[in-house]
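> Quick one, what's the 3D model for this:
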Amino acid sequence: MIDLYDDQGRATAFCDGRTIYLWEGRAVAYLLDDEVFAFSGRFIGWLIDGWIIDEEGHCLLFESDAVRGPGKPTRKGGAFKSIPRPPPPRCSRQAVPARPPGSAEWSDSTFADLL
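Below you'll find the predicted structure:
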């Protein structure tokens, strides 16, 4: 499992390589190659160089070994992550926009805002 951190360094989500779970274990998104979709079908962004970036190229979450991007905050310890629950069914996916160039800025949205 790969832990994902927000702009405050909080462990927010984790990924098993296919599914992204919130820290409490709820499956909320999935990867399709480097594209990230909510189970509702909403396009969230891309997973690039250890960063989940939004449609504008701004950073939402990062892995501990992410490269480039904005400065990574100090990762904070927290509660233990929960056991992953089974994912819900996938809905029809939104069209994927053209990928913007990467940005060294954090998104104004949070990952949870986009679910």
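
> which regions of this protein lie under the pLDDT threshold?
Residues of the chain that meet the criterion pLDDT under 70 lie in 77-78.

> center of it - which residue?
Computing the C-alpha centroid of the chain and ranking residues by Cα atoms, centre = their mean puts residue 52 first, at 4.6 Å.

> my read: that residue touches residue 58, true?
No - at 10.3 Å, residue 52 does not count as touching residue 58 under the criterion of Cβ atoms under 8 Å. C-beta here means a position set from N, CA and C on the backbone, and glycine is covered the same way.

> follow-up on the earlier one: what about the residue nearest to the centre of the chain, helix or strand, and which?
strand 51-53 (DSSP states H and E).

> Partner strands of the host helix or strand of residue 20, with direction?
Secondary-structure assignment from DSSP H and E places residue 20 in strand 19-22. Under the criterion DSSP bridges, strand 19-22 sits next to strand 11-15 (antiparallel), strand 27-32 (antiparallel) in its sheet.

> now residue 24: how far from residue 3?
Counting by Cβ to Cβ, to the nearest Å, the gap from residue 24 to residue 3 is 14 Å.
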